[in-house]
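> Turn this into a model:
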Amino acid sequence: MQAIVFDFFGVICSEITPFVLPRYMSAEAAVAYKASVVERADLGEIGLAEVLDHLSNLTGAAPAALEAEFWGCVKIDPDVVALIEQLKTRYKTALLSNAMRPFLRQILEKHDLPRLFDTMVISCDEHLTKPDPAIYRLMTSRLGFDPAQCFFTDDNPVNVSAARGIGMQATQFTGVEALKRDLAAAGVVL
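Below is the predicted model:
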């Protein structure tokens, strides 16, 4: 194993939209909103401001209040950060995330997280989202390794399956201790 690749939301940081959207709409409407508006943002077609304006028009909540709610959901897992710091001493580390601009970059900078990664592939910059196999191939290419030399973790099983589909070793993130066990089982030295 040469590189360890991490998803961001749901692994390093708490999820955002699953907590904010249900406050304003039904579960079905939240799924549809995520599949349409949030997907467009993840692809880089629109940014955070447009997402907030759209959500404001839909719900009546002020964009500034919605943005504050988004930021209020940001919780960085210090145990995952510590694990990445440990892994970085022996392996290339990378970030592969579906995210809208400029929100993810703002979170990364605020919490001094870019230092953790040798490379970052963010969906809005590439106009590709997980689980499209092309985004995983782009990541492994940027790392300079064959997919089989890369380990990937994501909280979404669909994304894990897609990574495996191109030959990466991958596991669903359920917590840092389980991830450590999965990494060790893949031959990663901790």
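> from here on, contacts and neighbour counts on C-alpha atoms
Fine.
> Is K130 part of a helix or strand, or is it coil?
Using DSSP: H, G, I helix; E, B strand; the rest coil, the secondary structure recorded for K130 is coil.
> Buried residues in stretch 136-147, which are they?
For stretch 136-147, the neighbour count (16 or more other C-alpha atoms under 10 Å) marks Y136, R137, M139, T140, L143, F145, D146, P147 as buried.
> could you list every residue that touches the second one?
Contacts were defined as C-alpha atoms under 8 Å, 6 or more residues apart in numbering; by that measure R137 touches P147, I166.
> Also the first one?
Contacts for Y136 (C-alpha under 8 Å, 6+ apart) come out as K130, A163, I166.
> Could you chop this protein up by domain?
Domain ranges of the chain: 3-13+75-185, 17-72, per automatic domain parsing.
> Mark which of the buried residues of stretch 136-147 are part of strands, please.
Using DSSP state E, no member of these sits in strands.
> about what we covered before: which one of the contacts of Y136 is nearest P102?
Closest approach to P102 among the contacts of Y136 (C-alpha to C-alpha): K130, at 18.3 Å.
> if I look at that closest one, how far off is A3?
Counting by C-alpha to C-alpha, to the nearest Å, the gap from K130 to A3 is 18 Å.
> what about these two, which has more around it?
Ranked by neighbour count (other C-alpha atoms under 10 Å), K130 and A3 place A3 first, with 25 against 22.
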